[in-house]
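# need a structure here:
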Amino acid sequence: MLKKFGPGNEYQAESTELDLKRTYIKHERQSLLDSSIIQLPKSLQQNDETLFMSSVEKARLRNENLLKSIKKLNREIDAHLQHAEDRKFSTLKSNYWDMVDKLLPEWERELEEYKKRKQREHRNNVQDV
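Residues are numbered from 1 along each chain as shown. The predicted structure follows:
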């Protein structure tokens with residue numbers, strides 16, 4: 001406690017001490033608030049204040065934001081799919097079918113050779129028994 005000088009200084013010393021304690025408490029309170037508060041968007045804040053929120057409320061807000069993001073991405077994907085016939089996609093599709101047309105006869109020939117080989121192996125295995 002502060003030293004008191006004279007009869008009227010007792011009140012002043014006590015007041016100064018209380019002011020110091022009040023300032024200390026305010027700083028402590030603010031540091032605690034800063035560590036456990038979510039700043040809400042301006043539209044939800046009242047007088048630029050922050051609000052305490054339970055973990056359930058925090059999770060609900062986080063989930064709502066995630067759902068909004070997912071819905072936005074879904075809309076963007078749908079819009080993109082509706083315009084899928086753009087030049088890039090048409091070129092890719094055309095190149096794919098050209099490749100299929102070129103490789104299909106070769107693949108069919110190899111498939112026939114494979115079938116014949118398997119039939120011969122099967123006949124040889126049956127004869128060996």
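
# Enumerate every residue touching D101.
Listed by Cβ atoms under 8 Å, 6 or more residues apart in numbering, the contact set of D101 is empty. No exception for glycine: its C-beta is placed from N, CA and C like everyone else's.

# which residue ranges form the helices in this protein?
Applying DSSP state H to the chain gives helices spanning 9-36, 55-82, 87-128.

# Neighbours of N9, how many?
N9 has 13 neighbours, counted by other Cβ atoms under 10 Å.

# How about L33?
Other residues close to L33 by other Cβ under 10 Å number 11.

# And for A13?
So A13, with other Cβ under 10 Å, has 14 neighbours.

# Now do it against I25, distance only.
Counting by Cβ to Cβ, to the nearest Å, the gap from A13 to I25 is 19 Å.

# quick revisit: so can I have a markdown table of the helices of the chain showing mean pLDDT?
Output for those, formatted as a markdown table (pLDDT from 0 to 100):
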| stretch | mean pLDDT |
| --- | --- |
| helix 9-36 | 82 |
| helix 55-82 | 87 |
| helix 87-128 | 89 |
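
# gap between the residue nearest the centre of the chain and D78?
The centroid of the chain falls nearest to L66 when counting by Cα atoms, centre = their mean (6.7 Å). For L66, the distance to D78 equals 19 Å [Cβ to Cβ].

# again, but for K72
On the measure of Cβ to Cβ, K72 and D78 end up 11 Å apart.

# same thing with Y114?
The value you get for Y114 to D78, if Cβ to Cβ is used, is 43 Å.

# Repeat that for L20.
63 Å.

# repeat for M99
On the measure of Cβ to Cβ, M99 and D78 end up 29 Å apart.

# What of S55?
34 Å.

# What of D34?
42 Å.

# Counting neighbours, what do you get for E106?
E106 - counted by other Cβ under 10 Å - has 9 other residues nearby.

# Ok, the one 5 residues further on next?
The criterion is other Cβ under 10 Å. On that basis, L111 has 10 neighbouring residues.

# next one: N125
9.
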